[in-house]
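Novice: 3D model of this:
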Amino acid sequence: MSWSIERKLPLLVSALLLIVGIALLSVGYGEVRRAARQLADDRLTRADSAIANLFQTAQQRTRLTTLAKDSALAAFLTQTTRRSRSRNLVLDAMRRIVTDTLSNSALELLDTAGHALLRTGRFAAAPSVLSVLAGDSTVVGPLLRRDTTLYYAAAAIIRRDGRLIGSVQQIARVNLNERTRKALTGLAGGDVAYLLGNMAGDPWTDFETIIPAPPLSVRTSQRPIRYERGEAKRAAATVIPGTPWSVIAELPSRRILAPARAYLVTMAPIAALIVLIGAIIAWWGSHRLTTPLREVTMAAEAIAEGDLDKRVDVYRRDELGRLAASFNIMAEHVARSHHRLEGEVARRTEALEGTNAELESFSYSVSHDLRAPLRAIHGFARILLDDHKTQLDPEAQRLLGVIDQNARRMGQLIDDLLAFSRLGRKEIAAAPVDMHELAQGVSEDLRRSEAEQRESLDIRIDPLPPALGDRALLRQVMSNLMQNAVKFTRGKDSARIDVGSRPDSGQTVYFVKDNGAGFDARYADKLFGVFQRLHRAEEFEGTGVGLAIVKRIVQRHGGRVWAEGKVGEGASFFFTLPAAEKPAAEKANARSG
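Specialist: As a prediction, the model looks like this:
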């Protein structure tokens, strides 16, 4: 798939629109959720306060306090005889608060020992006496439980002349039923639930059934708090004044978050539609913008492939139209320059062919015209030495030997130069070459030619991978390097030559190492130049062209050559060649193995 600007631009714009849409939806959802929670908290707080006011016992405590101050009760408690008259007065006063027929409440007159002396109302609970602190007139006790019934007690003390003589205690049942719960829920709008219970803990009720006490953190929190009761809820707690009770108003979190979810349901399709419309517009604009650029690109590719007559149609007057016009002008200049260059190349080629012809003629002259005088010098020198040696004094014989030696060296130099010059014109016949077999053949030739050094010469050839190249030229490379190693190890008691290889990034590095005379590493770059020598001719023979031939052959094969060495410690020559492909059968065997 081609990721062109025409595709990238719409994707980029769509991605930006999607990011912006998601960001706006997230921010909007967060704001709506925060506002909904704030409204819910305010609503819970107001509902909690309202229900707390509804359950206040101030009126009940006032009635009990007034009853406790009635003189008839004090008279009844202090009289030991003739209580029948005051008894009726006391019962009449008690019935004004709790009638005898009332089934959800009872009112008792107690002596100091807690014994019930008089009673009104029909609600019966476990016998208990509510403790009233000294100095208090009326106190409301905690909620109590009997099976599925909740009740509480409220008591007021009776004093006479500052002395405690008894108390009145009202016991009332809390009505728990579905109607009560729904009635209270309806007061807050139908979705707020109320819980009532003791601040200290159980029992608690939702006004329909008795439930476990909410967590302490909820009962004592000064602000709305989130907790789990069947589902996630948010609740606000308020202490009912004058009692040890607490009332909690709670609202399900799903109801609180409903506006935020509605916002997402409404706005998400709108945001998706905006992103879709933006992507379509971006694609249309990108197509309109990149069409001229694509035409210019295709024209440039055609020109790069050689079609110099390719041009771009100019049909716009904006920057893209000016770009197309400029491209056409540039293409005209390129075409003219190309035609001029082709003419210049043709002229240079013709001149080069003439120069090559002259070089061929020069090579012929060198190989024939120069060789004839050299052969004459060499021949006459040998005649004088062989036929007239007795007539010559020792100095003349020595001088004739020098002439003969230099004539032979000049002939070898001419042969090496001709071989070096022919390398540039020789076509390379590339084919897989068995480098190990080639090195073995060169080694055997050297052993035969170096009879005097055969006993002390140790040539070790490691398994060599095949290479891709011209076999005759690569044999010359290996022969020149190994002859060089043999030459510079003469005189060594234990001459050693190592031939090996190692892989190197798709190519193979071959090397020839010796323990001979070596060379100064500072002059390693001069080794591969024509006529460059680091040793005197009297020490080691040679023309200084062999390594230059090695470098020329390796470079023509696409490789490189270098050398390492130290004086008196030997030298190592390295060259790289392309690795040859393994035969199909060998590959199959390697995979199966």
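Novice: residue nearest the centroid of the protein?
Specialist: Note on the chain: the residue nearest the mean C-alpha position is Ala15, at 19.3 Å, using CA atoms, centre = their mean.
Novice: quick check: mean pLDDT across the one helix or strand that residue maps to?
Specialist: Assessed by DSSP states H and E, Ala15 sits inside helix 5-54. For helix 5-54, mean pLDDT rounds to 83.
Novice: try stretch 509-525
Specialist: Per-residue scores along stretch 509-525 average to 82.
Novice: buried ones in it?
Specialist: Burial within stretch 509-525, assessed by neighbour count using 16 or more other CB atoms under 10 Å, is assigned to 509-519. Placement of C-beta: from N, CA and C, glycine included.
Novice: cool, and stretch 297-312?
Specialist: For stretch 297-312, the neighbour count (16+ other CB under 10 Å) marks 299, 303, 308, 310-312 as buried.
Novice: and for it, what's in contact with it?
Specialist: Contacts to stretch 297-312, defined as CB atoms under 8 Å, 6 or more residues apart in numbering, come from residues 292, 295-296, 324, 327-328, 331, 334-335, 338.
Novice: and stretch 229-240, by the same measure?
Specialist: 37, 40-41, 44-45, 47-49, 51-52, 55-57, 195, 199, 214, 218-221, 223-227, 245-254, 256.
Novice: quick one: mean pLDDT for that stretch?
Specialist: pLDDT averaged over stretch 229-240 gives 86.
Novice: what do you get for stretch 58-77?
Specialist: Mean predicted lDDT for stretch 58-77 stands at 82.
Novice: start and end of that stretch, how far apart?
Specialist: Using CA to CA, to the nearest Å, the end-to-end distance of stretch 58-77 comes to 26 Å.
Novice: and it, how far out from the chain's middle?
Specialist: Computed by CA atoms, centre = their mean, to the nearest Å, the chain-centroid distance of stretch 58-77 equals 81 Å.
Novice: quick revisit: which of the buried residues of stretch 297-312 sits closest to Asn88?
Specialist: Val312 (121.9 Å; CB to CB).
Novice: ok, now how distant is the closest one from Pro292?
Specialist: Remark: distance between Val312 and Pro292 (CB to CB, to the nearest Å) = 8 Å.
Novice: same question for Ala237.
Specialist: 72 Å.
Novice: neighbour count winner among these two?
Specialist: Comparing Ala237 with Pro292 by other CB atoms under 10 Å, the one with more neighbours is Ala237, at 24 against 21.
Novice: ignoring the adjacent residues along the chain, who's closest to Met199?
Specialist: Ser246 (4.7 Å; CB to CB, 6 or more residues apart in numbering).
Novice: for the one you found, what are its contacts?
Specialist: By CB under 8 Å, 6+ apart, Ser246 lies in contact with 196-199, 219, 237-240.
Novice: try it again with 7 Å
Specialist: 197, 199, 219, 237-240 (CB atoms under 7 Å, 6 or more residues apart in numbering).
Novice: what of Pro10?
Specialist: Per CB under 7 Å, 6+ apart, neighbours of Pro10: 279, 282-283, 286.
Novice: show me where the stretch 451-593 of the chain has helices.
Specialist: 471-488, 546-556, 584-592 (DSSP state H, counting those that start in this stretch).
Novice: so which bits of the longest one are buried?
Specialist: Spelled out, that is helix 471-488. Under the neighbour-count criterion of 16+ other CB under 10 Å, helix 471-488 has 471, 473-488 buried.
Novice: Ala155 touches Gly166, doesn't it?
Specialist: No: taking CB atoms under 7 Å as the definition, Ala155 is not a contact partner of Gly166, at 10.4 Å.
Novice: can you pull out the strands in the stretch 101-250 of the chain?
Specialist: Here the stretch 101-250 of the chain has its strands, by DSSP state E, counting those that start in this stretch, at 105-110, 116-121, 138-140, 144-146, 149-160, 163-174, 193-198, 201-205, 210-211, 225-229, 231-239, 245-252.
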